[in-house]
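>>> Sharing a model prediction with you, sequence too.
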Amino acid sequence: MQNKEIFINIIKFLILVLFQVLLFNKINFLGYVNPYIYLIFILTFPLDGNKTLLIFLSFLLGLSVDIFSDTGGVHAAASVFVGYIRPMFLKFSFGVSYEYNMVKLNKTPMGERLTYITAIVLIHHFVLFSLEIFSISNILLTLKSTLFSGIFSILLILCTLILFGRKNN
Amino acid sequence: MRQIIFFFIRNKNFLLFALLFIISIAFTIRSHSFHKSKYVSSANFFSGGIYSASSSVSDYFNLNAENKKLLEENIRLRKLLHNVSDVSTETVLDSTIIPSQYSYIAAKVINNNYGRTKNNITIKKGEKDSIKLDLGVITSKGIVGIINSVSTNYATVQSILNTNSQINAKLKKTDHFGFLVWDTKDANVAQLIQIPRVAPVIVGDTIVTGGKSTIFPKGILIGTVKDFTITDDDSYLINVALFNDMTNLNHVYIIENKNAGEILQLEEAINDAE
């Protein structure tokens, strides 16, 4: 990574955490639906970046959100999980061209990008809500929260990526 | 030896992932038990500072509602004062304060959650203001929760909207008591369980705290009976419509029971003897 890229990613990290805890954690649409937009950091982390670094940064990202929202370590666990399996989903959504570092996230076809974002968001939310609710008898509540918060997050993440994506080309 | 090192280098991503994942699961499990949620909590200098900065801005937007609430409370207290006969207000003993069992500390809410299954509230009072673990938190309208972690300047409150909460509560007109829990469905409705079937429950009855613990005094308002069913074990499951709007908290009071230490010590001694 070049210096500029490192700088951009640090700023992105801080802004996303602040926006998440001060704004998006307080939406509570229909009482419990909140979008988790801090996933943008993991989604847009340079595709050729260091995987070990991504895992560590995902943990820090989740932990920062946890500290603010008093949730123990659920965000950290969910984030570190998707940070670890991200390469798998990149390959799954963008095919082999990802392996040759040909892919730029905001130049990929909409369908492939949507698959990638949806897969990561849903996995993240499922881990998050399973750990937060922490009971198998409430599996329906877990699935319901995953679905509704997931849809909300996917929409917001897509909008944010489209809004801010053009500048960074 | 060399092979072990190679193994670590080859699997470093997985090992790092496993380590961090286990750490976060440990944090999560710790936070599920009441007294141990201290490592990762918003009652620290950093997040507390950011929350109080953000609430100092957002407070301006509900000044009106907040003033109205204070006015209502003032009117209520003024009425109480008028009902006390004049004689007693004149013969105040100077230089002596009648010792009261409970003392109150006012605090401001700087962060509030109600959308999750385990909700916590952050307040801007901490050890410095003699806030301790296990103190009760109320507003002028009803109960809010119990302090579950404290730092120098901030503290977090385990809200009654938390599946770990279980608060002793009773019907106001009789002394049948049960426990107040929350089923995560509605932020304005909590559940009262284990009220025996013999109790006369009617929709609209008032529910208050039972005073059987050292945390809340007896008779603090909770809510009214919204509807009820009878469960298999012959007790009521009562839906309680809370008096407090838990989604709109700004100023709260913390209750300290000065005799709590003594009572707990006594109870512990009995438990040990058994």
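Now that the structure is in, tell me what you want to look at.

>>> low-confidence ranges in chain A?
A:1, A:97-103, A:166-169 (pLDDT under 70).

>>> Can you tell me which residue sits nearest the middle of it?
Centroid-nearest residue in chain A, with CA atoms, centre = their mean: residue A:39, separated by 1.9 Å.

>>> Spatially, what comes nearest to residue B:158 if we skip its sequence neighbours?
Counting by CB to CB, 6 or more residues apart in numbering or on different chains, residue B:158 lies nearest to residue B:148, which is 4.2 Å off, once chain neighbours are set aside. (C-beta placed from N, C-alpha, C; glycine too.)

>>> nope, residue A:22 is what I meant
Closest residue to residue A:22 apart from its sequence neighbours, by CB to CB, 6+ apart: residue B:54 at 5.2 Å.

>>> I'd guess that neighbour is in a strand, am I close?
No - counting by DSSP: H, G, I helix; E, B strand; the rest coil, residue B:54 is not found in a strand; it is helix.

>>> helices or strands up against the strand or helix carrying the residue nearest to residue B:158?
In the assignment (DSSP states H and E), residue B:148 maps to strand B:143-150. In terms of contacts (3 or more CB pairs under 8 Å, 6 or more residues apart in numbering or on different chains; DSSP states H and E), strand B:143-150 is packed against strand B:118-123, strand B:136-138, strand B:155-162.

>>> Which SSE is immediately downstream of the last one?
Yep, that's strand B:155-162 we're talking about. Downstream of strand B:155-162, the next assigned helix or strand under DSSP H and E is strand B:167-171.

>>> could you dump that following strand to CSV, C-alpha only?
Only the C-alpha atoms of strand B:167-171 are listed here, as CSV (Å, rounded to 0.1, in the frame of the first residue of the first chain):
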residue,chain,number,x,y,z
ILE,B,167,-36.2,-6.9,39.1
ASN,B,168,-38.4,-7.6,42.1
ALA,B,169,-41.8,-6.1,41.5
LYS,B,170,-45.3,-6.3,43.0
LEU,B,171,-48.9,-5.3,42.6
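
>>> which helices and strands does that strand pack with?
In terms of contacts (3+ CB pairs under 8 Å, 6+ apart), strand B:167-171 is packed against strand B:177-181, strand B:206-209.

>>> List the buried residues of the next helix or strand after the longest one.
So that's strand B:177-181. The helix or strand immediately downstream of strand B:177-181 is strand B:189-196, counting by DSSP H and E. By neighbour count on 16 or more other CB atoms under 10 Å in any protein chain shown, the buried set for strand B:189-196 is B:189-195.

>>> Which neighbours in the sheet does strand B:189-196 have, and how are they oriented?
strand B:177-181 (antiparallel), strand B:235-242 (antiparallel) (DSSP bridges).

>>> Tell me which of the helices and strands packed on strand B:167-171 sits nearest to residue B:138.
For these, the distance to residue B:138 is smallest for strand B:206-209, at 8.9 Å, taking CB to CB.

>>> Which of the residues in that closest one are classified as buried?
For strand B:206-209, by 16+ other CB under 10 Å, it's B:207-209.

>>> Also stretch A:156-167?
A:156-158, A:160-161, A:165.

>>> Tell me if it is near chain B.
No - Stretch A:156-167 does not reach chain B (CB under 8 Å from any CB of the partner chain); its nearest approach is 15.8 Å.

>>> Show residues contacting that stretch.
A:24, A:35, A:37, A:39-40, A:43-44, A:105-106, A:113-114, A:117, A:121 (CB atoms under 8 Å, 6 or more residues apart in numbering or on different chains).

>>> if I read this right, residue B:127 contacts residue B:147, doesn't it?
No - applying CB atoms under 8 Å, one finds residue B:127 not in contact with residue B:147, separated by 10.9 Å.

>>> who's more crowded, these two?
residue B:147 (24 against 14; other CB atoms under 10 Å in any protein chain shown).

>>> which stretches of chain A form helices?
Per DSSP state H, chain A carries helices over the ranges A:3-22, A:39-44, A:51-69, A:74-94, A:110-133, A:139-165.

>>> How about the contacts made by residue A:56?
Residue A:56 is in contact with B:16, B:20, counting by CB under 8 Å, 6+ apart.

>>> Please apply the same query to residue B:202.
residue B:225.

>>> tally of neighbours for residue B:102?
Residues near residue B:102, counting by other CB under 10 Å, number 13.

>>> what's the answer for residue B:7, then?
Neighbours of residue B:7 under the rule other CB under 10 Å: 11.

>>> Please apply the same query to residue B:62.
13.

>>> could you measure the closest residue in space to it that isn't next to it in sequence against chain A, distance?
Once flanking residues are discounted, residue B:62 sits nearest to residue B:250: 6.6 Å by CB to CB, 6+ apart. For residue B:250, the distance to chain A equals 14 Å [CB to the nearest CB, to the nearest Å].

>>> Next, count neighbours for residue B:250.
Neighbouring residues of residue B:250 were enumerated by other CB under 10 Å; the total is 18.

>>> From what I see, it and residue B:111 are in contact.
No - with contacts counted by CB under 8 Å, residue B:250 stays clear of residue B:111, the gap being 11.6 Å.

>>> Spit out the residues that contact these two alike.
With CB under 8 Å, 6+ apart, residue B:250 and residue B:111 have no common neighbours.

>>> which stretches of the stretch 51-200 of chain B have low pLDDT?
In the stretch 51-200 of chain B, residues with pLDDT under 70: B:83-100.

>>> can you tell me which residues contact residue A:154?
Shown in contact with residue A:154 (CB under 8 Å, 6+ apart): A:114, A:117-118, A:121.

>>> try 7 Å
A:117-118, A:121 (CB atoms under 7 Å, 6 or more residues apart in numbering or on different chains).
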